[in-house]
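S.K.: Pasting a predicted model and its sequence here:
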Amino acid sequence: MRSKTLLLPVLLAALAIPLAAFTQSGTAPNSPATGVTSSPGSVAASAAGVQVDPQRERIGNAIAAAERGQFDAAQYADLSGHPLFPWVEYAAIARDINALPRARAEAFLKQHQGTAVAEVFRQAWLAASDRRDDPSAVLSAWSEEIKSTTLRCAWLDARHALGRVDNDWTQQTQTLWGSTGKSLPESCDPVFAALESRGELPPSLRWQRLELAADEWDGGVMRAIARGLPAAERSLAEDYAAFIDNPHPRALQWPKTDRSRRVASQGLAKLGKADPDRAESLLPQYASALNFSEADRGRVLYQVALWTVASYLPGSARRLNAVPASSYDARLHEWRVREALSRSDWPAALAAIRKMEPEQRNDSRYTYFEARLAELGGDKATAQAKYRDAARIPEFHGFLAADRIDQPYALCPATVQAEPATRANVAANPALQRAIGLHLLGRSGWAAKEWADAVAGFNDTQRQVAVQIGQANGWFDRAVFWLGKAPGELQLYDMRFPLHHDATIRREAGRNNIDPAWVAAEIRAESIFNPKARSGANAMGLMQVLPTTGEAVARRIGRGWGGASSLYDPDTNIVLGTAYLRQMLDQYGGKPYFAIAGYNAGPAPLTRWQTQRPNMDADFWIETISYKETREYVARVLAFSVIYDWRLDGDALRLSDRMHGRTNAARKPFACPSPVAARS
C-alpha cells in the first residue's frame, strides 16, 4: 500500500478552524439585544440587518463538542432543524474521517448537495479516501469544481488504479505535468510515473517543463526532471540545473541553442538578485559565447539593475540605463523614478516618468510627481494642469495635489440603491444566513465558504446588500474584499471605510493628543475593524499590537496588563495601540509619516531611510522608501486618515499638514468634481 500520511492532515488543517477561534456569543459586536424572539432553530434579521438567533450559543457548543468527540445527538435534538446544524454534523464526521464508513460519507454529500458544507467535506473525504487507497470512493466523490492540484492528482491516480485510463486521462495528466516549473505535490508522483510507464511522457515534455523550471530558478526541480531523460540528454540537463544554482564556466561550451541561452540568462539573472556585481561581470563572456539576444541580455541586466537600485547602491543609475528599453516593465520604470528622486535629480526623475507607458504615467501617483517635478523645474503651466488632473482622484497623491492648488478634496460618495424586497430576499438567503451565523461564532473559514456560495448567485445590487448585512453583523472586511467589482462601487465609502468604536477612538486620541482619524485609519489598515485579527507575527486585535509591545505600553501608562488575550478586547487594544502611536510619534520627532513607517517596518529600516535621505520633502521621502509594503502602507494610512476625517467630522485636516503632525492647522472641505473621476 502506498503511503499517503501527509495528505489528509494538510487538507484538514486548511479546512478546519481551531477551537480557540470560538469566541463570539449571541449578539453582533456593540449591538444590543433586540428583544426579538424566534422559534427554536430559526434565524431572523432585525431591521438593521443584525442576525437574531437565540440558539447560536448552543450551536457553537454543539460544534465544539463534536470536535472534541463528545457530541450527544440526544442532548442537542432541538437543533436538528437549525441552519447551522450541518456544520455540527461535519465537525463530528470530519473528526473521525479516517474510520468513516463510505456509505455515511456519501449520504452526507447527497443530503447537503450544492451547499458549502458538502464541498468542504468533499475535499476532506477525497483526501481521506486517497490516503486509505480507496480509488472507487475517490471517483464516486469527485467533482470537477475542485481546484486543488493535490486532489486532482489523487483523482487521476484513482482512475489509473481502476483501469479507467483513456485519451482524456492522458491529456489531463500531460497538461498538469507541463502547467508549471514549480514543484508539484507528492500525490502527483504516482500519476506521472504511470504516464511515463505508458510511454506518454516523452523527452520533449520533460524539456518543456525543465525550461519552465529554469524560469522559476529552481535547480532542484530541473534535476528531478533530468533523471527521466535519455542518458545522452541527461548530462546536459543536469549541467543546466547546476548553472541555475551556481553559474559555472562549462556553460561557455554549451550548444548555441535557444534553450542554452534561456537557461544561461536565467542563471545569471538569479545571480543578479544575490550578487549584482558578479552577474554584471560575467554577462559579457556568456553573452558572447552563446550569442545572447537582446531579450537574454535584458533578462540579466534587469535583475542586476533592480537589486542594485532596490538598496540605492552606487551605480544604480548606470545599471538602470543599461537595461534595454524592450526589457523595461512597470516595476523597473517605477524604480528609475525613485532612484532619480533619491538623488534629488529632478530632471532625470521627470524624464523617467515621461518614458512610462500612458496607463502607468496617468496614474494619480505619477501625474502628481510629474506636476511636482515640472513645478521644481519652473514649468508652472504644466504643473498646474497635472495637479488638477491628479486632484480628481481621491487617493494619497490626489489629496496631495489638491493641497498644492488649494482645491477641496475630491469625493463622490454613493449609497446602495435597493428595493425593500431585494433587501428582504438577500437577508433570507440560507447560505448568507449560515455565513453570518458562522462569522458570529468565530468560524471564519467556514463562514467564508458559505459567503462565497451565497454571493456567487447574487447580482451586483444583491451583493452590495449582502455586504451591508455583513457589516451590520460586525463583518467589516466584506466591503474590502467584495466591493469594487462593478462601476461606482468604490464610491461606497461608508461601507469601504467602516467606523466602529468611534467613541473609544475619540477618547484615546484626545488623551494622547493625536488625530482620531489617524487612529481609525490604522485600524482600517491593520485589521479592517476585526477585533479578533491575528497576524503570522502574533500581532493581535484591532491595531495589531504585539503582546510584548502591549505589555510594555501598559506598564508605561500605568494600566494593568491582562495578558496577550486582552488585546482581543477592542477597548484595551485601542487604549494600548493609541498610546503606542503617541510613543512612536514622540520617538520620531512628531512626524506621523515617520511614525507610520516605523509602525510597519520597525526602527532599524526607518533609521536607515532617515539617514540615507535626511531633510528630504515628505512626499519624496515616502516614495523612496525601499520596502514596497511600507511605502504603500504609509501612503495608504495617510489617505485613509483623510477619508476617516470625513467620516468623523465631515471635513479634513490638510494632508500636507497631517503628514507633519500639524493637527491644529486649517481644515478643508470635500467636493465631487464633475464629471465624476473615473477612478477612486
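M.R.: In hand now; what should we look at?
S.K.: number of nearby residues for residue 305?
M.R.: Neighbour count of residue 305, defined by other C-beta atoms under 10 Å: 29. (Each C-beta comes from the backbone N, C-alpha and C, glycine too.)
S.K.: For it, give me the pLDDT.
M.R.: pLDDT recorded at residue 305 is 98.
S.K.: now swap in residue 485 and tell me
M.R.: Per-residue pLDDT puts residue 485 at 84.
S.K.: I'd say it and residue 460 touch.
M.R.: Yes - counting by C-beta atoms under 8 Å, residue 460 is a contact partner of residue 485 at 7.2 Å.
S.K.: hang on, residue 369 packs against residue 397?
M.R.: Yes - counting by C-beta under 8 Å, residue 369 touches residue 397, with 7.5 Å between them.
S.K.: When the two are compared, which one has more neighbours?
M.R.: Neighbour count, other C-beta under 10 Å: between residue 369 and residue 397, residue 369 has more, with 28 against 25.
S.K.: What distance do you get for the more buried one to residue 553?
M.R.: 37 Å (C-beta to C-beta, to the nearest Å).
S.K.: What of residue 190?
M.R.: The value you get for residue 190 to residue 553, if C-beta to C-beta is used, is 55 Å.
S.K.: Please enumerate the strands of this protein.
M.R.: Using DSSP state E, the strands of the chain run over residues 44-45, 51-52, 409-410, 652-653, 667-668, 670-671.
S.K.: got these as JSON lines, with mean pLDDT and mean neighbour count columns?
M.R.: What follows is those, written out as JSON lines (pLDDT from 0 to 100; neighbours: other C-beta atoms under 10 Å):
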{"stretch": "strand 44-45", "mean pLDDT": "74", "mean neighbour count": "20"}
{"stretch": "strand 51-52", "mean pLDDT": "89", "mean neighbour count": "22"}
{"stretch": "strand 409-410", "mean pLDDT": "98", "mean neighbour count": "22"}
{"stretch": "strand 652-653", "mean pLDDT": "97", "mean neighbour count": "24"}
{"stretch": "strand 667-668", "mean pLDDT": "96", "mean neighbour count": "17"}
{"stretch": "strand 670-671", "mean pLDDT": "98", "mean neighbour count": "16"}
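S.K.: who wins for proximity to residue 490 among those strands?
M.R.: Among the strands of the chain, strand 409-410 comes nearest to residue 490, with 12.4 Å by C-beta to C-beta.
S.K.: how far is that closest one from where the chain is centred?
M.R.: Counting by C-alpha atoms, centre = their mean, to the nearest Å, strand 409-410 is centred 28 Å from the centre of its parent chain.
S.K.: neighbouring contacts of that strand?
M.R.: 391-394, 398-399, 402, 642, 646, 652, 668-673, 677 (C-beta atoms under 8 Å, 6 or more residues apart in numbering).
S.K.: can you do 7 Å?
M.R.: Contacts of strand 409-410 with the rest of the structure, by C-beta atoms under 7 Å, 6 or more residues apart in numbering, involve 391-394, 398-399, 402, 642, 652, 668, 670-673, 677.
S.K.: My guess is residue 51 contacts residue 439. True?
M.R.: No - when contacts are counted by C-beta atoms under 7 Å, residue 51 is not listed as touching residue 439 (9.0 Å).
S.K.: Need the overlap of contacts for these two.
M.R.: Common contacts of residue 51 and residue 439 (C-beta under 7 Å, 6+ apart): residue 473.
S.K.: Could I get the full set of helices for the stretch 301-450 of the chain?
M.R.: Taking DSSP state H, counting those that start in this stretch, the helices of the stretch 301-450 of the chain run over residues 316-322, 330-342, 346-354, 358-361, 364-376, 380-390, 396-404, 420-427, 430-440, 444-455.
S.K.: Out of the ones you listed, which gets nearest to residue 211?
M.R.: So among those, helix 330-342 is nearest, using C-beta to C-beta, at 23.2 Å.
S.K.: Dump the closest one to PDB, restricted to CA.
M.R.: Written as PDB, here are the backbone C-alpha positions of helix 330-342 (Å, rounded to 0.1, in the frame of the first residue of the first chain):
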ATOM      1  CA  ALA A 330       6.200  49.000 -14.900                       C
ATOM      2  CA  ARG A 331       8.200  47.900 -11.900                       C
ATOM      3  CA  LEU A 332      11.500  49.000 -13.300                       C
ATOM      4  CA  HIS A 333      10.000  52.200 -14.600                       C
ATOM      5  CA  GLU A 334       9.000  53.000 -11.000                       C
ATOM      6  CA  TRP A 335      12.400  52.300  -9.700                       C
ATOM      7  CA  ARG A 336      14.000  54.500 -12.300                       C
ATOM      8  CA  VAL A 337      11.900  57.400 -11.000                       C
ATOM      9  CA  ARG A 338      12.700  56.500  -7.400                       C
ATOM     10  CA  GLU A 339      16.400  56.300  -8.000                       C
ATOM     11  CA  ALA A 340      16.400  59.800  -9.500                       C
ATOM     12  CA  LEU A 341      14.300  61.100  -6.700                       C
ATOM     13  CA  SER A 342      16.700  59.600  -4.100                       C
END
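S.K.: Check which helices and strands that helix sits against.
M.R.: Here helix 330-342 touches helix 294-309, helix 316-322, helix 346-354, helix 618-623, going by 3 or more C-beta pairs under 7 Å, 6 or more residues apart in numbering; DSSP states H and E.
S.K.: could you redo the last one with a cut-off of 6 Å?
M.R.: If you count contacts as 3 or more C-beta pairs under 6 Å, 6 or more residues apart in numbering; DSSP states H and E, helix 330-342 packs onto helix 316-322, helix 346-354.
S.K.: Export these as TSV, with columns for mean pLDDT and mean neighbour count.
M.R.: TSV is the format used below for the helices and strands packed on helix 330-342 (pLDDT from 0 to 100; neighbours: other C-beta under 10 Å):
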stretch	mean pLDDT	mean neighbour count
helix 316-322	98	18
helix 346-354	98	18
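S.K.: Can I get those helices in JSON lines including distance to residue 563?
M.R.: JSON lines is the format used below for those (distance: least, C-beta to C-beta, whole Å):
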{"stretch": "helix 316-322", "distance to residue 563": "48"}
{"stretch": "helix 346-354", "distance to residue 563": "50"}
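S.K.: hang on, the earlier thing: shared neighbours of residue 369 and residue 397, anything?
M.R.: Common neighbours of residue 369 and residue 397, counting by C-beta atoms under 6 Å, 6 or more residues apart in numbering, are absent.
S.K.: For the closest residue to residue 529 other than its chain neighbours, give me phi and psi.
M.R.: Leaving out its chain neighbours, the residue that sits closest to residue 529 by C-beta to C-beta, 6 or more residues apart in numbering is residue 476, at 4.2 Å. The phi/psi pair for residue 476 (degrees, to the nearest 10) reads phi -80, psi -20.
S.K.: looking at it, residue 476 is touching residue 531, isn't it?
M.R.: No - between residue 476 and residue 531 there is no contact under C-beta atoms under 6 Å: 10.1 Å.
S.K.: for this structure, what's the longest helix?
M.R.: The longest helix of the chain (DSSP state H) is helix 628-649.
S.K.: helices or strands up against that helix?
M.R.: Counting contacts by 3+ C-beta pairs under 6 Å, 6+ apart, helix 628-649 is packed against helix 396-404, helix 516-526, helix 592-601, strand 652-653.
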